[in-house]
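**Q** Return atomic coordinates for the entry below.
(one chain, ligands or ions: 3)
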Amino acid sequence: MSVKNQLIKERLPEHVAIIMDGNGRWAKKRGNSRVFGHRSGVKAVRAVLEAAGELEIGYITLYAFSTENWKRPKLEVDALMALLVSTITSETKTFMKNNVRLSVIGCIDTLPKEVKRKLVECIEKTSQNSGLTLNLAISYSARWEITDAVKKIAEQVKNNELDVDAIDAETISNNLTTANIPDPELMIRTSGELRISNFLLWQLAYAELYFCDTLWPDFQKEDFYEALMDFQSRERRFGKTSEQLKK
Ligand code: IPE
Ligand code: IPE
Ligand code: MG
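**A** Ligands and ions are numbered 1, 2, ... in the order given. Below is the predicted model:
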């Protein structure tokens with residue numbers, strides 16, 4: 001039986017977050033430029049979105065460009081920005097066909113005008129779609145996001161709109177870029193790196209973490225199903241004992 005058919009539908013995560021890593025190494029192994037690796041990663045994005053859509057998963061958050069990635073060579077940054085524009089342009093039709101809604105988290109004001117314009121255009125065009133939400137993390141980092149949330153909360157306190165004693169975890173969640181999105185239950189990182197790299201630090205508090213050696217451009221539907229199978233084998237205790245869960 002294929003891995004997909006072994007998945008228990010009722011126990012699928014509602015939100016999967018993915019650190020798409022390993023494009024550069026994938027290209028280097030083939031004697032190609034890093035940019036070739038990024039371009040080759042687009043088909044893995046398509047595969048994951050298709051698989052998630054078929055399984056009726058609600059949200060996929062893809063880490064596409066971190067705040068720290070601005071420090072890469074200009075040539076690579078420019079190529080990544082151009083790739084974003086061309087991919088959004090070519091994929092909008094598919095999003096419409098597959099009922100996918102685009103949303104973006106990150107400091108989008110730092111993006112080149114053309115990138116921002118394309119993203120906003122696609123967000124608006126797909127806003128009525130009711131299937132999978134593709135949430136792209138671009139110019140995103142969790143520390144940037146949390147700092148921003150702290151500023152917003154402080155502002156509300158200063159304006160007497162919020163009492164300090166009323167601040168709780170929900171207040172913080174509601175002031176993050178993911179305010180209307182459930183926390184990811186599963187986080188996948190490809191390419192064998194065992195770190196979070198400033199991704200969704202608050203939201204991943206109780207996510208199951210899945211690391212695989214596959215480099216992102218090689219990631220296929222089957223790899224995604226494998227990650228979901230692994231997720232379904234975990235016991236999510238949220239601080240309780242195993243015995244308590246079985247009651
Ligand atoms: C991930 O692949 C894509 C981005 C960070 C934009 P990398 O470019 O980090 O690839 P490696 O890790 O160098 O192989
Ligand atoms: C994380 O990958 C960011 C994205 C996948 C967009 P990096 O390749 O930038 O992370 P580090 O630098 O290896 O931690
Ligand atoms: Mg990397």
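
**Q** Going by C-alpha atoms from here, please, whenever you check contacts or count neighbours.
**A** OK.

**Q** for ligand 2, what are the nearby residues on this protein?
**A** The chain has residues 19-21, 63-66, 69, 197 near ligand 2, with proximity defined as CA under 6 Å from any ligand atom.

**Q** Out of those, which comes closest to residue 30?
**A** Nearest to residue 30 among these is residue 21, at 16.4 Å by CA to CA.

**Q** re earlier: just the buried residues of the residues of the chain next to ligand 2.
**A** Neighbour counting by 16 or more other CA atoms under 10 Å classes 19-21, 63-66 among the residues of the chain next to ligand 2 as buried.

**Q** ok, back up a step: export the residues of the chain next to ligand 2 as JSON lines, with columns for pLDDT.
**A** Listed next are the residues of the chain next to ligand 2 as JSON lines, based on pLDDT from 0 to 100:
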{"residue": "19", "pLDDT": "99"}
{"residue": "20", "pLDDT": "99"}
{"residue": "21", "pLDDT": "99"}
{"residue": "63", "pLDDT": "99"}
{"residue": "64", "pLDDT": "98"}
{"residue": "65", "pLDDT": "98"}
{"residue": "66", "pLDDT": "98"}
{"residue": "69", "pLDDT": "98"}
{"residue": "197", "pLDDT": "98"}
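
**Q** which of those come close to ligand 1?
**A** By CA under 6 Å from any ligand atom, the members of the residues of the chain next to ligand 2 lying near ligand 1 are 20-21, 64-65.

**Q** thinking again about what came up before, I'd like the buried ones among the residues of the chain next to ligand 2 as TSV, with secondary structure and distance to residue 46 appended.
**A** Shown next, in TSV, are those (DSSP: H, G, I helix; E, B strand; the rest coil; distance: CA to CA, whole Å):
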residue	secondary structure	distance to residue 46
19	strand	15
20	coil	12
21	coil	15
63	strand	14
64	strand	14
65	strand	17
66	strand	20
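
**Q** distance of the residue most central in space within the chain from ligand 2?
**A** Nearest to the mean C-alpha position of the chain, by CA atoms, centre = their mean, lies residue 61 at 2.1 Å. According to CA to the nearest ligand atom, to the nearest Å, residue 61 and ligand 2 sit 11 Å apart.
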